[in-house]
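Peer 1: I would like to see how this sequence folds:
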Amino acid sequence: MRGRGRGWATVAGAAAVVVLGAGCGAGNGAGPGGGASASSFGREAAHGEIVAAVKKAGLPKSDLPGIGGPTPSGSTPLPAPSTDRQRLQERAHACTAAWQYVGPPVDGSRGDLEKAVTALVAEGWVQGERQVERLDAKGGTMLQFTLRKRGWVMYARHAGVTQSLSMEMISLNATETACMNRFTEKEKEALFGEDAERG
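Peer 2: Numbers count the residues shown, from 1 in each chain. The predicted structure is shown next:
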């Protein structure tokens, strides 16, 4: 990776993915045009496990509206979509469960993210790749874990360090594979950028 620009693009893209999970109504993990069986592991269950792991790990409170609430139905409603991209985002809401913090650096937060990952593993999430990516020439890095459970893929990320960045981004973002498979590759690229290729 070269330079700060691409690194910040990665962080901004990750944050955008998480925001897709906010502001949506209750769902069962099934997208438009499809249903989920009563025994499926749906969006509310995934969201509940994320919020519980965040609380157990002691991660900083998210002050962003509509994100990290107790249930997806507790999120702030979005206005009716008026553009193609907004309509894509509305479809993606039913596929996504997420939490994030964006704000001043918090001591120990990277270790707390690892505690949250450990808590999720205890709930049956299978930890896969652990990656550390350089963001800039001043030592900024992004730590990312990939986890999977019952048809869901989660990215747990921490970006930023005190000496090089004025802000920190921590996120846990899960998407349901079957739900996202209803999107074309072009639609997924428009929504998720590089993450569309990783899932």
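Peer 1: need the helix or strand of this structure with the lowest average pLDDT.
Peer 2: Lowest on mean pLDDT, DSSP states H and E among the helices and strands of the chain sits helix 3-19, with a mean of 44.
Peer 1: ok, then the element right after that helix?
Peer 2: Note on helix 3-19: by DSSP states H and E, the next helix or strand toward the C-terminus is helix 43-57.
Peer 1: buried stuff in the helix or strand following that next one?
Peer 2: As assigned by DSSP H and E, the chain's next helix or strand after helix 43-57 is helix 84-93. Of all the residues in helix 84-93, those buried under the rule 16 or more other C-beta atoms under 10 Å are Leu88, Gln89, Glu90, Arg91, Ala92, His93. Every C-beta, even on glycine, is put in place using the N, C-alpha and C of the backbone.
Peer 1: cool, stretch 97-111 as well?
Peer 2: For stretch 97-111, by 16+ other C-beta under 10 Å, it's Ala97, Ala98, Trp99, Gln100, Tyr101, Val102, Gly103, Pro105, Val106, Ser109, Arg110.
Peer 1: and the end-to-end length of it?
Peer 2: This stretch, stretch 97-111, spans 22 Å end to end (C-alpha to C-alpha, to the nearest Å).
Peer 1: what's the model's confidence in that stretch, averaged?
Peer 2: In this model, stretch 97-111 has a mean pLDDT of 91.
Peer 1: if we can go back for a sec, any idea which of the buried residues of helix 84-93 is closest to Arg43?
Peer 2: When the buried residues of helix 84-93 are compared for distance to Arg43 (C-beta to C-beta), His93 wins out at 8.8 Å.
Peer 1: distance to Val51 added to the buried residues of helix 84-93, as TSV?
Peer 2: Below are these laid out as TSV (distance: C-beta to C-beta, whole Å):
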residue	distance to Val51
Leu88	26
Gln89	22
Glu90	22
Arg91	23
Ala92	20
His93	17
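Peer 1: spit out the contact partners of Ala190.
Peer 2: Arg85, Leu88 (C-beta atoms under 8 Å, 6 or more residues apart in numbering).
Peer 1: show me what contacts Ser109?
Peer 2: Per C-beta under 8 Å, 6+ apart, neighbours of Ser109: Leu59, Pro60, Tyr101, His158, Glu168, Ile170.
Peer 1: repeat that for 6 Å
Peer 2: Ile170 (C-beta atoms under 6 Å, 6 or more residues apart in numbering).
Peer 1: got it, and Glu129?
Peer 2: Counting by C-beta under 6 Å, 6+ apart, Glu129 has contacts Thr146.
Peer 1: okay, it: pLDDT?
Peer 2: Reading off the model, Glu129 has pLDDT 91.
Peer 1: mind checking the SS state of it?
Peer 2: For Glu129, the secondary-structure state derived from DSSP: H, G, I helix; E, B strand; the rest coil is strand.
Peer 1: also Asn173?
Peer 2: strand.
Peer 1: that one touches Val153, doesn't it?
Peer 2: No: Asn173 lies out of contact with Val153 (C-beta atoms under 6 Å); the separation is 9.2 Å.
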